[in-house]
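Student: dropping the sequence and predicted coords here.
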Amino acid sequence: MLKGMAILMAFQLTGELLAAMVSLPISGPIIGMALLLVWLQASGRVDNGLASAADGLLTNMAVLFVPVGVGAIAYVEIFRQHWLFVAIAIVFGAAATIATAALTARLLIRIRIARVARQT
């Protein structure tokens with residue numbers, strides 16, 4: 001699991017460095033996650049340590065949202081005043097996230113099928 005966390009942190013650091021050096025409007029962790037996706041697709045397998053670290057993070061995902069919830073309470077008055085805009089942003093944000101994930105999964109499945117077809 002330690003090796004997996006080191007891999008995750010290395011990709012996040014790489015993303016942060018790229019974002020800072022190139023002045024990209026995308027956060028470093030997002031860039032690092034995209035680089036990790038490319039690396040996983042190129043290697044064609046998931047390292048056992050990385051899988052263990054990811055499983056550990058996913059198991060405790062609810063705990064990771066506690067600071068966000070506490071921080072949101074500090075802005076409860078703004079949420080009360082602009083609840084409609086917040087609700088619209090949440091609905092459209094969730095829909096965009098689901099659509100993006102589905103399209104990405106579809107694309108990656110097609111790439112994987114094409115790679116297997118070339119090998120046989």
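Tutor: Received, thanks. This is a predicted model, so every value here is computed, not measured. Residues are numbered from 1 along each chain as shown.

Student: let me see the contact set for the residue nearest the centre of the chain.
Tutor: The chain has Met33 as the residue nearest its centroid, 5.6 Å off, counting by Cα atoms, centre = their mean. Applying Cβ atoms under 8 Å, 6 or more residues apart in numbering, one finds that Met33 lies in contact with 11-12, 15. In short, each C-beta sits where N, CA and C put it, glycine included.

Student: how close does Pro67 sit to Leu37?
Tutor: Here Pro67 is placed at a distance of 26 Å from Leu37 (Cβ to Cβ, to the nearest Å).

Student: Ala53: neighbouring residues, count only.
Tutor: If you count neighbours by other Cβ atoms under 10 Å, Ala53 ends up with 20.

Student: likewise Gln12?
Tutor: Neighbour tally, Gln12, other Cβ under 10 Å: 19.

Student: show residues contacting the strand or helix carrying it.
Tutor: Per DSSP states H and E, Gln12 falls inside helix 2-22. Contact partners of helix 2-22, identified using Cβ under 8 Å, 6+ apart, comprise 24, 26-36, 39, 47-54.

Student: what about the strands in this structure?
Tutor: Taking DSSP state E as the criterion, the chain contains no strands.

Student: quick one: low-confidence parts of it?
Tutor: For the chain, no stretch has pLDDT under 70.

Student: domains of it?
Tutor: Domains of the chain are assigned by automatic domain parsing as 1-64, 65-120.

Student: highest mean neighbour count out of the ones you listed?
Tutor: domain 1-64 (a mean of 13; mean count of other Cβ atoms under 10 Å).
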